[in-house]
Each structure stands twice: as C-alpha cells, then as structure tokens.
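Visitor: A structural model of the following input is requested.
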Amino acid sequence: MGNTGDEPHTPSAPGASQPLSCRAAPTAPRLAFFARPRHTLRMLAQRTHTLTVATTGRKFHDLTGEIAALVKETGFGEGLTTLHLKHTSASLVIQENADPGVRRDLERFMARVCPDGDPMFEHDYEGPDDMPAHVRTALTSVTLSVPITGGRLALGTWQGIYLWEHRHAGHHRQVAVHLLGE
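Guide: Numbers count the residues shown, from 1 in each chain. The predicted structure follows:
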C-alpha cells in the first residue's frame, strides 16, 4: 500500500517507484525584494504617452533621449518602460549607439537577407520595398521593454533605443509608451 501521509516514509531501492508524499516542500529563503517591511510598500503608478516620429527614409532614428526624458518626467525610481510601435513596416531595436558603422552593417545585412524587389514577393502594392519592409519587421520587433532603475533607463553603456524605418520614403510613425513604476 502507498503512504497516506500519516505514516513515516521509508526510502526504497534505487529505481523503485516512490510513494507520493503529502508533506510540504521545504520553503526557500525569502527573496530580497519581499524582505521589505509591509509599511514601506507603495502603490505602482503608470503613465502613457504617444511619440510621433517623422522618419526620413530607411535608417535608424534614435529615440533614447526622448524616452529617457519621459522616464525622468514621471519621477519613478524603479519600474518598467514598454514601447510599442503601431506599424508593420518599421521596428524598434536596442542597438549600439557609439559606432554608426554597426547600424550601417545591420542595414547591409538586411539588404542581403531581404532584398527589395525580390520576385518571390506577391505583396508590392506600395513599391518594391513594401513586402521586404514587412519581413524586416517580422525578423526584428515592434515591442521593447526596458527596466527603470535609479530613476533611469537600465541601458548598457553602448545601448540606444532606435526606431528602424524599413521603407525608403519617410513616414510618421507612432510609438505607444507605457511607464509603470514607483
């Protein structure tokens, strides 16, 4: 018969099936962020904003300063910034901000992976860069999350937030910004 939870459990030989136990697993030590006394917990606040970015064709547009200013305006010490681009032919990326050669190399890479005017594409209603722009977006992202720590975006030394326009013509792109923090 199996262990009902009231009898002591005796280990069996290796490989033998073990009876189920109703005993609770040992508790893990409390994590540091749960260790604060209850009276110091504050409510999280949230803010939303929409950035409109006038792009000037296929290239990277640095949004880091604008996003950092929004974070500073909230006064949040800790939290999370979520960015969502409301379009399907541009993307959001975190990328090298010191050497512009990195961004040029990424553009050359995408041109090789997804060339404009490829006869494989059926969707070309807006020109030869139409479907390649959608593929580039699918390979990258339209949503980013960046932590807020110490009242600042938790980006590395050489990281910047970019809107990467994948169309040759300029567009007005909208980025929804959601800030959550305390």
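Visitor: Mind telling me what element the residue nearest in space to the middle of the chain is part of?
Guide: Nearest residue to the geometric centre of the chain (C-alpha atoms, centre = their mean): Leu144, 3.0 Å. For Leu144, the element it lies in under DSSP states H and E is strand 143-149.
Visitor: could you turn that strand into PDB, dropping everything but the C-alphas?
Guide: Only the C-alpha atoms of strand 143-149 are listed here, as PDB (Å, rounded to 0.1, in the frame of the first residue of the first chain):
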ATOM      1  CA  THR A 143       7.700  46.000 -28.800                       C
ATOM      2  CA  LEU A 144      10.500  46.600 -26.300                       C
ATOM      3  CA  SER A 145      10.700  46.600 -22.500                       C
ATOM      4  CA  VAL A 146      13.400  48.400 -20.600                       C
ATOM      5  CA  PRO A 147      13.600  48.400 -16.800                       C
ATOM      6  CA  ILE A 148      13.900  51.700 -14.900                       C
ATOM      7  CA  THR A 149      16.400  51.600 -12.100                       C
END
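Visitor: Any regions of this structure where pLDDT drops low?
Guide: 1-41 (pLDDT under 70).
Visitor: still on that earlier bit, buried by neighbour count: which residues of the strand holding Leu144 qualify?
Guide: Leu144, Val146, Ile148 (16 or more other C-beta atoms under 10 Å). Where C-beta positions appear, they are placed from N, C-alpha and C, glycine not excepted.
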